[in-house]
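Asker: Got a sequence here, can you build the structure:
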Amino acid sequence: MTITQQSFGQTAAGAPVELFILNNAAGLTVKITNYGGIIVSVLAPDRHGQFDDVVLGFDTLAGYLQKHPFFGALAGRYANRIANGKFTLDGVEYSLAVNNGPNHLHGGLHGFDKKVWQADAADNSLHLTTVSPDGDEGYPGTLTVTTIYTLTADNALRIEYNATTDRPTIINLTNHSYFNLAGSGDILAHELLINADRFTPVNENLIPTGELRPVEDTPFDFTQLTPIGARIEQADEQLQRAGGYDHNFVLNAAGDLSVLSARAVEPKSGRTLEMYTSQPGAQFYTGNFLDGTLTGKGGRVCGPRSGFCLETQHYPDSPNQPDFPSTVLTPGDTYRQTTIYKFGIL
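Answerer: Numbering: from 1, shown residues only. Sure thing, here's the model as predicted:
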């Protein structure tokens, strides 16, 4: 694998931003910027050897500096939603920014997706590091985070997250790439398998109710390859609340990187995507809130369901849900998360 580097512009405050281009011998190309740790582009071949960009985003940094739905970004300190922007830790209540209806979402107003990370290309990997000071966006503790991107010889993008803190805090990191294996159009004909027998249903504010509901006999059963659009319009309360899929799935293989957690197939191009993760959950999101007001790469309009996300994570609102796996990180411990997205061809 090779990594090259070029300027990607600068922020409104004048901070320089870089673009890193990862290539492997098989021809896969992944472009990542140290602004927000964003995966800007993934150029992958179809069954005929035709390359297309299979993630949504923008051609230039200017697009990412505007308000956008976290295209390709590192989300943190806490990915997904926290109800009412509040949580209690060791008897102390903390208040976070409310930036998604009544909820705190993806780290707040200036989360990890808007930070310029320190970058170092070493050992055929891209290392991005940031230090989030005590009180940043309302979170306790100084948090030091390193994210490592590695493109392997077998067309897998491996993302490793490590973090330490000097005070007890909460943490939930993920990557928020929107995939479209066709390269354009909507994703409704994509076939999806999610290795999960349960999901976490949500209330009207898209906060988990605390229940772990079986997917069997529901539109959430993706235990076999199923077109994403097959049941998305059904008169199901959960689908109607989210405007489609925007739910956390409880992965059967939680913590086991050797077991497939999800697989997507785009029948026309033959492109496939496999996902492996050490995390207990994955948020499956179908771009329900994309409304056509953003123009992405190549002048393509980002309309509803033009991309899907598989955000590996702990469950949403875990700090307020005592029955969910804990997201507390304490001094002396290290948060570790690994997710692999492997691209292939039928």
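Asker: The nearest residue to residue 110 once chain neighbours are set aside: what's it in contact with?
Answerer: Nearest residue to residue 110, sequence neighbours excluded (Cβ to Cβ, 6 or more residues apart in numbering): residue 137, at 6.5 Å. Placement of C-beta: from N, CA and C, glycine included. With contact taken as Cβ atoms under 8 Å, 6 or more residues apart in numbering, residue 137 is in contact with 77, 96, 97, 107, 108, 109, 110, 111.
Asker: measure the last one to residue 77 for me?
Answerer: Okay, so that is residue 111. Computed with Cβ to Cβ, to the nearest Å, the distance linking residue 111 and residue 77 is 7 Å.
Asker: returning to that earlier point: buried ones among the contacts of residue 137?
Answerer: Neighbour counting by 16 or more other Cβ atoms under 10 Å classes 77, 96, 97, 107, 108, 111 among the contacts of residue 137 as buried.
Asker: Confirm for me that the first one is in contact with residue 141.
Answerer: In this case it means residue 77. No: with contacts defined as Cβ atoms under 8 Å, residue 77 does not count as touching residue 141, sitting 9.4 Å away.
Asker: Common neighbours of the two, please.
Answerer: Between them, residue 77 and residue 141 have residue 169 as joint contacts when contacts are counted by Cβ under 8 Å, 6+ apart.
Asker: one step back: pretty sure the residue nearest to residue 110 is in a helix, no?
Answerer: Yes: applying DSSP: H, G, I helix; E, B strand; the rest coil, one finds residue 137 inside a helix.
Asker: ok, now how distant is it from residue 207?
Answerer: Per Cβ to Cβ, residue 137 is found 19 Å from residue 207.
Asker: can you map out the strands along the stretch 151-300 of the chain?
Answerer: Assigned by DSSP state E, counting those that start in this stretch, the stretch 151-300 of the chain shows strands spanning 156-165, 169-170, 174-175, 191-194, 196-200, 213-214, 226-227, 246-251, 262-265, 271-277, 281-285.
Asker: Helix or strand with the lowest mean pLDDT in this structure?
Answerer: Across the helices and strands of the chain, mean pLDDT, DSSP states H and E gives its lowest value to strand 118-122, namely a mean of 93.
Asker: Please find the angle between the direction vectors of the next helix or strand after that strand and strand 156-165.
Answerer: Once the chain leaves strand 118-122, the next helix or strand it forms, by DSSP states H and E, is strand 125-132. Here strand 125-132 points in a direction 30 degrees away from that of strand 156-165 (axes from the mean of the first three to the mean of the last three Cα atoms, to 10 degrees).
Asker: Quick check: buried residues in strand 125-132?
Answerer: Buried residues in strand 125-132, counting neighbours by 16+ other Cβ under 10 Å, are found at 125, 126, 127, 128, 130, 132.
Asker: can you check stretch 197-205 too?
Answerer: Buried residues in stretch 197-205, counting neighbours by 16+ other Cβ under 10 Å, are found at 197, 198, 199, 200, 201, 202.
Asker: same check, this time on stretch 205-218
Answerer: Taking 16+ other Cβ under 10 Å as the neighbour-count basis, stretch 205-218 is seen to contain the buried residues 206, 207, 208, 212, 213, 215.
Asker: Average pLDDT for it, rounded please.
Answerer: Per-residue pLDDT values across stretch 205-218 average out to 98.
Asker: From the chain's centroid, how far away is it?
Answerer: In terms of Cα atoms, centre = their mean, to the nearest Å, the centre of stretch 205-218 is found 20 Å from the chain centre.
Asker: can you list the residues that contact it?
Answerer: With Cβ under 8 Å, 6+ apart, stretch 205-218 has contacts from 81, 83, 101-103, 196-203, 220-223, 236, 238, 241-242, 246, 248-250, 315-317, 321, 323-324.
Asker: Kindly recompute the last result at 6 Å.
Answerer: By Cβ atoms under 6 Å, 6 or more residues apart in numbering, the residues outside stretch 205-218 that reach it are 81, 83, 101-102, 198-203, 221, 250, 316-317, 321.
Asker: One more: stretch 317-333?
Answerer: Applying Cβ under 6 Å, 6+ apart, the contact partners of stretch 317-333 are 81-83, 87, 165-166, 168-172, 207-208, 210, 280, 314-315, 335.
Asker: Let me know the closest of the buried residues of stretch 205-218 to residue 182.
Answerer: Taking Cβ to Cβ as the measure, residue 215 is the one of the buried residues of stretch 205-218 closest to residue 182, at 25.6 Å.
Asker: From residue 209, how far off is that closest one?
Answerer: Residue 215 sits 15 Å away from residue 209, going by Cβ to Cβ.
Asker: before we move on, what about residue 179?
Answerer: For residue 179, the distance to residue 209 (Cβ to Cβ) stands at 28 Å.
Asker: Equivalent analysis for residue 199, please.
Answerer: Residue 199 sits at a distance of 11 Å from residue 209 (criterion: Cβ to Cβ).
Asker: residue contacts, residue 282?
Answerer: Taking Cβ under 6 Å, 6+ apart as the definition of contact, the neighbours of residue 282 are 249, 251, 310, 312.
Asker: Out of these, the closest to residue 50 would be?
Answerer: For the contacts of residue 282, the closest approach to residue 50 (Cβ to Cβ) belongs to residue 310, at 23.8 Å.
Asker: got the contact list for the closest one?
Answerer: 262, 275, 282.
Asker: Repeat the analysis, applying 10 Å as the threshold.
Answerer: Residues touching residue 310, when contacts are defined by Cβ atoms under 10 Å, 6 or more residues apart in numbering, comprise 174-175, 177-179, 192, 194, 249, 261-264, 273, 275, 277, 282-285, 339, 341.
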